[in-house]
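Colleague: Give me coordinates for this.
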Amino acid sequence: MLRKGILILLLLAIGGFSAQASTPTKHHKKSSSSKSSSKKSSKKSSKKSSGKSSRRTSSRSAPVIRYPEQSFSTVIIDAGHGGYDPGGIPQNLVAEKIVALDVALRLNAALRAAGVKTVLTRRDDTFIPLPQRSAIANSYSNAIFVSIHFNASPRTAARGVETYYSSGTNPALAARMLSKLAATTTGQSRGTKQASYYVLRKANMRAVLAECGFLTNPEDAHLARNAAYRQRLANQLCTAILEYRRTFR
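Modeller: Predicted structure coming up:
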């Protein structure tokens, strides 16, 4: 009996010691879990913080307007292509150089009749190199530049009008010209866009390029062949320019 009592006491003592020894291990695991969660929390907050920072730094700045909105005394009229450069693509149903020049000459006459000084980069079927066109334009101060073109596409269903403006230029004139051109056709109004075409990029003034229809589309080409329609295009472009100039008075 005495031996059994001693054994029981020993077993109880060993069990108590084992229980006490295991307790710190549980505390250690909790502590480790706590550190892990704090690290996750730290990573999450770090990611959120860096996300906000990247959004701030990646925001686009406002475009720089190099040529301020103000009145002008001269309109440089540039008829696209000419001479050995017919313009467009082989699928054209009408030569772009011919109808672009015709609209440019009609626009020239309309603006002069309204008392506006004009300059033509070409008056006949002559090829004028792009640098020379820009040099002609840049020799005049207090002027705007308007280039007349017609569009082309391998997709013959494409039709309608659109305008382009140069970097550093307010799109107001291009938008007004698009609105007037769109009123002449049942084709699509394809919008006003910024572009870096040579004549736009090299003009040291507000510069707009007008695409007056797709000469690869049967309907647009049919319109372009019509002298009365080309006169209407010129009149609408003239109206847009005059209305734009009146906004500065």
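Colleague: Could you measure from E219 over to R155?
Modeller: Counting by C-beta to C-beta, to the nearest Å, the separation of E219 from R155 is 14 Å. Using the backbone N, CA and C atoms, a C-beta is placed for each residue, glycine as well.
Colleague: Neighbour count for the two, which is higher?
Modeller: E219 (16 against 10; other C-beta atoms under 10 Å).
Colleague: element containing the more buried one, please.
Modeller: helix 218-225 (DSSP states H and E).
Colleague: So what touches that helix?
Modeller: With contacts defined as C-beta atoms under 8 Å, 6 or more residues apart in numbering, helix 218-225 is touched by 92-94, 99, 150-151, 156, 159-160, 184-187, 212-215, 229-230.
Colleague: Select only the buried ones of these in PyMOL?
Modeller: The PyMOL command for the buried members of those (criterion: 16 or more other C-beta atoms under 10 Å) is given here:
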select buried, resi 92+93+94+99+150+151+156+159+160+184+185+187+212+213+214+215+229+230
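Colleague: where exactly do the helices run in this structure?
Modeller: Here the chain has its helices, by DSSP state H, at 2-58, 96-113, 130-138, 172-182, 198-201, 218-225, 227-246.
Colleague: what ranges of the chain fall below the confidence cut-off?
Modeller: Applying pLDDT under 70 to the chain flags residues 1-63.
Colleague: switch to 90 and redo it
Modeller: Along the chain, the model assigns pLDDT under 90 to residues 1-69, 167-169, 249.
Colleague: Quick check: A195 touching L209?
Modeller: Yes: counting by C-beta atoms under 8 Å, A195 does reach L209; the two are 7.0 Å apart.
Colleague: L181 contacts T239, correct?
Modeller: No: between L181 and T239 there is no contact under C-beta under 8 Å: 10.4 Å.
Colleague: Which one's more surrounded, the two?
Modeller: L181 (24 against 17).
Colleague: so who does A104 touch?
Modeller: Applying C-beta under 8 Å, 6+ apart, the residues contacting A104 are I77, D78, A79, L120, I148.
Colleague: And those residues, which two are furthest apart?
Modeller: Distance extremes for the contacts of A104: the farthest pair is L120 and I148 at 10.3 Å, using C-beta to C-beta.
Colleague: residue contacts, G187?
Modeller: Contacts of G187 by C-beta under 8 Å, 6+ apart are R159, G160, V161, G213, F214, N217, E219, D220.
Colleague: Same check on A157?
Modeller: N217.
Colleague: when you give positions from now on, start the count at 132
Modeller: Done: numbering now begins at 132, and the last item shifts to A288.
Colleague: Pop out the phi and psi values for it.
Modeller: Dihedral angles of A288 (phi, psi; degrees, to the nearest 10) stand at phi -70, psi -20.
Colleague: What separation do you get for it and V225?
Modeller: 17 Å.
Colleague: ditto for D233
Modeller: 11 Å.
Colleague: repeat for S320
Modeller: Distance from S320 to V225, by C-beta to C-beta: 21 Å.
Colleague: How about A365?
Modeller: 16 Å.
Colleague: how far is stretch 203-216 from where the chain is centred?
Modeller: Distance of stretch 203-216 from its chain centroid, counting by C-alpha atoms, centre = their mean, to the nearest Å, is 24 Å.
Colleague: first vs last residue of it, how far apart are they?
Modeller: Using C-alpha to C-alpha, to the nearest Å, the end-to-end distance of stretch 203-216 comes to 31 Å.
Colleague: How about stretch 325-345?
Modeller: In terms of C-alpha to C-alpha, the two terminal residues of stretch 325-345 are separated by 19 Å.
Colleague: Same question for stretch 323-337.
Modeller: End to end - C-alpha to C-alpha - stretch 323-337 spans 14 Å.
Colleague: ok, and for it, which residues are buried?
Modeller: Neighbour counts using 16+ other C-beta under 10 Å place T323, Y328, V330, L331, K333, A334, N335, M336, R337 of stretch 323-337 among the buried residues.
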